[in-house]
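Undergrad: I'd like to go over a predicted model; first the sequence, then the structure.
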Amino acid sequence: MNYSHDREKKRHQRKKVYIETHGCQMNVSDSERVATRLEQTGYQVVGSDNEAEIVLINTCSVRERAEQKLFNRVGELSDKKRRAEKPLIGVLGCVAQLEGENLFGKTSNIDFVLGTRAVGRIGEMLDGINLKDEKNVDLDEREGNYDWTVADQYRSSDYVAFVPIIEGCNKFCTYCIVPFSRGREQSLPPIQILDQLRGLKEAGVKEVHLIGQNVNSYRPKTDAGLEGFRGATPFSRLLRAAAETGIERIKFTTSFPRDFHPDIVSAINECENLCNWVHLPVQSGSDRILRAMRRGHTSADYLKKVEAIQNSSRQISLTTDIIVGFPGETDVDFRETIELYEKCRFDSAYLFKYSPRPGTPSARLDDSVSAQIKRERFLVLESVQKRIQEEKSREYIGKTVRVLAESFSAKSQDDLSGHTTCHKVVNFEADKTKLGQIIEVFITDAKVNSLRGRIAS
Ligand code: 5AD
Ligand code: SF4
């Protein structure tokens, strides 16, 4: 089908679409492809909802508040006092997949719903809406010829690109909605991933993030593309193959502890362009809670993986996710989480208060830890996290690091901002001609969440 056909474009008169994205990198990546697809189909993707005739909200449902955000936004967009005409509103992403047509019952302002694997049919959905003027839902599987590429102008950054390598999740941790919203694990063919990497390198992209709920559970149906690459698991073979494309930096996230093979560390040791950063969510330091979460690992198992990472010949930074206040979590359990945190000395962590998600096994348990205790534990853990993060950041002072200059800093147009190979944020004085370059920066100061420096002479 030729979507850039003139007649198609004329029919839509280049209707303006605004895409709003909540949640994780997978959603950001899906939105990039939706934008690409819309432009090919003859729509115009715009940067603000004010001028848009169609608004797509790509949603997240990992925690309760994320879902509430959707209803708030739909309310705002439909508020007659704010805008003369209500745009056509489409819901995409995880809430769309989970709720399907129930969403129409929750608010009359939603016009269509497109599930997580149906995003490639956005053009068809909009055509259907235009023709029939009725509510539509598509929660079906991905079409066989789904195009995973993103047009250069729709990547969120000119220099950093997200490349999905596996979608879905089979782990069914008891608190988590993702296996329901994103379906079973499906690995993308290695050839297709490697072709994308080569294309991105050609386009001037400096850093690629291989993304997926559990990247190290990567298990493609075919080996094609990985011939000749060593590795104890398909993922570590993919890493070595990805490194050989010569793209300057490769990061990957998220890793699942049980499937984290030490050969991943060997691959990082061998290949300079595989970055020295591992994001390895632990969730809790208590074996009792880990069992109740059905994580498939104990804290000792986790520490063994961390030991392999910390014994690397390169200094690999380690980040994690932790949930406080899981049903039944006692003070003793929580203390074990703090102890594990102190042992691992994470470079950073995303901390969450447990939030029951309807439909998950743990939602049937009594949400026994009060909001007050959850808050207290969160704050205690956050203070540990900040202290360790700051201590580790201060170790960079006086050192020179290589930073990809990605954008202007949030505070000043005289500063640029970017990441190190180990994914630390660095702000430094430089003009815009340096954007997109990898620059040696001498670190002069450390804040909790970022480093500051100047171009090394
Ligand atoms: N409540 C709180 N945090 C959650 N996460 C996933 N599900 C929940 C939930 N029900 C967190 C986990 C996961 C991260 C992406 O979100 O820590 O690693
Ligand atoms: Fe959720 Fe567990 Fe799958 Fe991560 S591994 S997406 S926490 S079910």
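TA: Yes, it's here. Ligands and ions are numbered 1, 2, ... in the order given.
Undergrad: ok, residue 47 - contacts?
TA: Neighbouring residues of residue 47 by C-beta atoms under 8 Å, 6 or more residues apart in numbering: residue 18. (Each C-beta comes from the backbone N, C-alpha and C, glycine too.)
Undergrad: Equivalent analysis for residue 306, please.
TA: Taking C-beta under 8 Å, 6+ apart, one finds 280, 318, 343, 344 in contact with residue 306.
Undergrad: which phi and psi does the nearest residue in space to the third one that is not next to it in sequence have?
TA: Across the structure, with C-beta to C-beta, 6 or more residues apart in numbering as the measure, the residue nearest residue 343 apart from its sequence neighbours is residue 303 (6.5 Å). According to degrees, to the nearest 10, the main-chain angles of residue 303 amount to phi -60, psi -30.
Undergrad: How much space separates residue 303 from ligand 2?
TA: Noted for residue 303: a distance of 19 Å to ligand 2, by C-beta to the nearest ligand atom, to the nearest Å.
Undergrad: Over to residue 43?
TA: Look at residue 43 and ligand 2: by C-beta to the nearest ligand atom, they are 32 Å apart.
Undergrad: ok, that residue - how many residues close by?
TA: Neighbour count of residue 43, defined by other C-beta atoms under 10 Å: 23.
Undergrad: per-residue pLDDT, it?
TA: Looking at residue 43, its pLDDT stands at 94.
Undergrad: Residue 7 too?
TA: Value for residue 7, per-residue pLDDT: 50.
Undergrad: The closest residue to ligand 2 within the stretch 301-450 of the chain is in what secondary structure piece?
TA: Going by C-beta to the nearest ligand atom, ligand 2 is nearest to residue 321 of the stretch 301-450 of the chain, at 7.8 Å. Secondary-structure assignment from DSSP states H and E places residue 321 in strand 317-324.
Undergrad: contacting residues for the closest residue to the residue of the stretch 301-450 of the chain closest to ligand 2 other than its chain neighbours?
TA: Nearest non-adjacent residue to residue 321, counting by C-beta to C-beta, 6+ apart: residue 281, 3.7 Å away. Counting by C-beta under 8 Å, 6+ apart, residue 281 touches 254, 256, 257, 320, 321, 322.
Undergrad: Using PyMOL, define a selection of the buried residues within those.
TA: With 16 or more other C-beta atoms under 10 Å as the criterion, this PyMOL line picks the buried residues out of the contacts of residue 281:
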select buried, resi 254+256+257+320+322
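Undergrad: hmm, back to that, now the residue nearest to residue 321: how far from residue 256?
TA: Distance of residue 281 to residue 256, given as C-beta to C-beta, to the nearest Å: 8 Å.
Undergrad: Check residue 149 too.
TA: 26 Å.
Undergrad: again with residue 388
TA: Following C-beta to C-beta, the distance that separates residue 388 from residue 256 is 23 Å.
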